[in-house]
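Student: A structural model of the following input is requested.
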Amino acid sequence: AAVLGTRQVFFAVVATTAALISVFVPISFLPSTAGRLFREFGFVLAIAVGISSFVALSLVPALAARLPDKPVRHLAPLAAVGRRLARAYEQSLNAALDAPLVALAAALAFAGLAWLTFQGLDEELLPPEDRGVIYVLATGPDGVGLGYSARQADRMEAILQPYVDRGEIAAVLTIVGRWDLNRVSVIAPLAPWEDRARSQQEIVEELRGPMEAIPGARVSVYGTNSLNLWSVGGGIDVAILGSNYQRLFQTAKDLARGIEDELPNLSDPDISYQPTQPQLSVRIDRQRAADLGLSLDDLAATLRAMVDGDEIADLNVADQAIPIHLEAAGGAIDDPTDLTNLYVRAESGALVPLSSVATLTEEGVAAELDRHRQRRAVEVDSNMASGYPLRSAIEDLKGLAERVLPSDIDMIFMGEAEALEETSQQVAITYLVALVVVFLVLTAQFESLTSAAVVMTTVPFGVAAAVLALFLTGTSVNIYSQIGLVMLIGLMAKNGILVVEFADQLRDRGFEVRDAVATAAKVRLRPIVMTMISTVMGGLPLILSGGPGAEARAAIGWVVFGGLGLAAIFTLYLTPVAYLGLARFVGPRAAEGTRLETELRDAEKVSDSAVERPAE
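Tutor: Numbers count the residues shown, from 1 in each chain. Predicted structure coming up:
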């Protein structure tokens, strides 16, 4: 019995293995963000499926041969329940096969409902993740010193101190003056997950109000994600691209004004280009300096030595080079106007006051000049309302940009928004590649386009079931749930192969299409249900788990648990209906093989007669 059973399912095992591997391998070749996250995931699953198929065809038959011949008595009640369910399924399947158009219409209606549901799902790159650490970034006015930033840091630490006292925050690490003197960054690791009652997101939301109320600084509170992608302020970042910084700055102000007036879910837009950093410019009258015999190099060396110090030589002492700096005496330069009182020696040897050839001008400039995609850029960062989907924010900003931005100025997304746009395209391509590859593999395995088409018919409806599961559980469409949907393609094809492959075998034995598919569905009911139950139960730990990474595991778990549970219904009913509608137009594989052998024999006869004629 074990040998006979292995022979019957050998083709199905090989086909399902090839289908699953052809789904998982494309995941490993996703480029950029998605590929970096799921490269090992896809390869491990593909290798595990290959090993499991070897076990199924070798170890499992050996163990099955050792099973007791007599049924186990204490499992009799469970077997009775199974038989009743099988009879109920057989009756309902016959009803579906008697009215295939009604079954198909019900499936299409379900798919339409899933499509409408998909439009209302939140779409984001990653679900909100509790990474156990909070970041606070403060930016003060340009030109302030470390003392000003240190006072702002004290205010921020005072707000965080109650959380430290309650044990929710384990420590506070403050960095003042990093990147610029007006910037303060605070890293606050949280207590372990089991030692605190609130999540990172709840603490962040509570901190934002008091932190944003600190006067004299723009303060943002945010957390990280598993891809280490986030906006400067934890919201959404865009960059305005053009050829002139002043024009870009004016356009950025128009965009920021539109965000405040028209987009209620986005707030506090911040423009990176701010011409407010004080700068002292020294303008030299070159013609007058030449008339007075002043060298521009001497002028530059004098200013450099008096302002910042000038390295004039190296002193070698015991094989060590010691630089010698020329600097102004303490108190010599206390005010910018003191520079005009300096004297520079002319070629004639006379001392000429710097004020006779130089003009000092105080002006505001931007602290940084950004560039993106080899073009001048001005970045705009906006905070997002809690619970507002990232995809909705992207679409809102795209609509606003079409109304506000001139035709020669472009807008690109950055951070999580850029990764979401990129990943959505990559995953969509992966869906298409997975479907095409699975279809080609099944066509080669079945040696029939019809059988492969029947198996693939249920895949879109399985994805629709997963979408409904996401809606019912409140899970967003993110990179984890999208990978779960790709996995579902292989799992759905696996169940369909069990029915179609056995139905083809029965047709080769002389069964009619209706009888073949009805018998195949009835016989394959148990393995399909067992596969569904084992897979669904395997998704439960992902849903129920907590701690680090629980959000990612739950996103995949709900797709597998809810999607596959609902999708099994389509496998059990829609696959037989599709087989009944399509297989009737194609003969059995045995008949096709007989026809091919007949054609080959006829071709050989024609060839032999053509060879004999010249001899005559």
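Student: which residues of this protein score low on pLDDT?
Tutor: 1-9, 11-12, 27, 30-37, 67-76, 227-234, 330-332, 548, 587-616 (pLDDT under 70).
Student: in its sheet, what does the longest strand anywhere in it sit against?
Tutor: As assigned by DSSP state E, the longest strand anywhere in the chain is strand 375-384. Strand pairing for strand 375-384, using DSSP bridges, gives strand 236-242 (antiparallel), strand 266-271 (antiparallel), strand 370-372 (antiparallel).
Student: wait, which of those is closest to Arg66?
Tutor: Arg66 lies closest to strand 236-242 among these, at 61.4 Å (C-beta to C-beta). The C-beta positions use only the backbone N, C-alpha and C, and glycine is treated the same way.
Student: which strands and helices sit next to the top helix by length along the chain?
Tutor: Counting residues, the longest helix in the chain under DSSP state H turns out to be helix 32-64. Judged by 3 or more C-beta pairs under 8 Å, 6 or more residues apart in numbering; DSSP states H and E, helix 32-64 is in contact with helix 2-28, helix 416-446, helix 479-508.
Student: Now render those as CSV, adding mean neighbour count.
Tutor: Below are these laid out as CSV (neighbours: other C-beta atoms under 10 Å):
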stretch, mean neighbour count
helix 2-28, 19
helix 416-446, 19
helix 479-508, 25
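Student: Run the chain-centre distance for the longest strand of the chain.
Tutor: 21 Å (C-alpha atoms, centre = their mean, to the nearest Å).
Student: cool, stretch 541-550 as well?
Tutor: Worked out by C-alpha atoms, centre = their mean, stretch 541-550 lies 19 Å from the chain centre.
Student: Now do the buried residues in that stretch.
Tutor: 542-543, 550 (16 or more other C-beta atoms under 10 Å).
Student: what's the distance between the closest residue to Tyr343 other than its chain neighbours and Met306?
Tutor: Leaving aside its sequence neighbours, Tyr343 sits nearest to Leu351 (C-beta to C-beta, 6 or more residues apart in numbering; 4.1 Å). In this view, Leu351 and Met306 are 15 Å apart by C-beta to C-beta, to the nearest Å.
Student: again, but for Met411
Tutor: In this view, Met411 and Met306 are 45 Å apart by C-beta to C-beta.
Student: Could you do Thr359 as well?
Tutor: On the measure of C-beta to C-beta, Thr359 and Met306 end up 17 Å apart.
Student: same check, this time on Gly462
Tutor: Distance of Gly462 to Met306, computed by C-beta to C-beta: 76 Å.
Student: Compare the two and say which is more crowded by neighbours.
Tutor: Neighbour tally, Gly462 and Met306, criterion other C-beta atoms under 10 Å: the higher count belongs to Gly462, 26 against 19.
Student: from what I can see the more buried one touches Gly563, true?
Tutor: Yes: contact criterion C-beta atoms under 8 Å: Gly462 and Gly563 qualify, at 6.6 Å.
Student: Show the subsequent helix or strand relative to the longest strand of the chain.
Tutor: helix 390-404 (DSSP states H and E).
Student: Can you name every helix or strand that that next one contacts?
Tutor: strand 236-242, helix 245-262, strand 266-271, strand 410-414, helix 416-446.
Student: How about the first one, which residues are buried there?
Tutor: Within strand 236-242, the residues that qualify as buried by neighbour count (16+ other C-beta under 10 Å) are 236-242.
Student: Please work out which residues outside it touch it.
Tutor: Strand 236-242 has contacts (C-beta atoms under 8 Å, 6 or more residues apart in numbering) with 231, 248, 251-252, 255, 266, 370, 372-373, 375-382, 384, 390, 393-394, 397, 401, 405, 408-417.
Student: quick one, it and strand 410-414 angle?
Tutor: 150 degrees (axes from the mean of the first three to the mean of the last three C-alpha atoms, to 10 degrees).
Student: Please compute how far strand 236-242 lies from its chain's middle.
Tutor: That offset, for strand 236-242, works out to 20 Å (C-alpha atoms, centre = their mean).
Student: between that strand and helix 416-446, how many degrees?
Tutor: 100 degrees.
Student: The shortest one too?
Tutor: Compare the direction of strand 410-414 with that of helix 416-446 by the same axes, to 10 degrees and you get 80 degrees.
Student: Stretch 103-110: how far from the chain's middle?
Tutor: The gap between where stretch 103-110 is centred and where its chain is centred comes out at 32 Å by C-alpha atoms, centre = their mean.
Student: and of the buried residues of stretch 541-550, the nearest to Val55?
Tutor: After measuring the buried residues of stretch 541-550 against Val55 - C-beta to C-beta - the closest member comes out as Leu542, at 23.3 Å.
Student: tell me the contacts of the closest one?
Tutor: Contacts of Leu542 (C-beta under 8 Å, 6+ apart): 553-554, 556-557, 560-561.
Student: sorry, back to before: reformat the helices and strands packed on helix 32-64 as TSV; add distance to Val133.
Tutor: Formatted as TSV, the helices and strands packed on helix 32-64 follow (distance: least, C-beta to C-beta, whole Å):
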stretch	distance to Val133
helix 2-28	29
helix 416-446	17
helix 479-508	20
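Student: Serialize the strands paired with strand 375-384 to JSON lines and add fields for distance to Val486.
Tutor: As requested, the strands paired with strand 375-384 are arranged in JSON lines below (distance: least, C-beta to C-beta, whole Å):
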{"stretch": "strand 236-242", "distance to Val486": "27"}
{"stretch": "strand 266-271", "distance to Val486": "32"}
{"stretch": "strand 370-372", "distance to Val486": "31"}
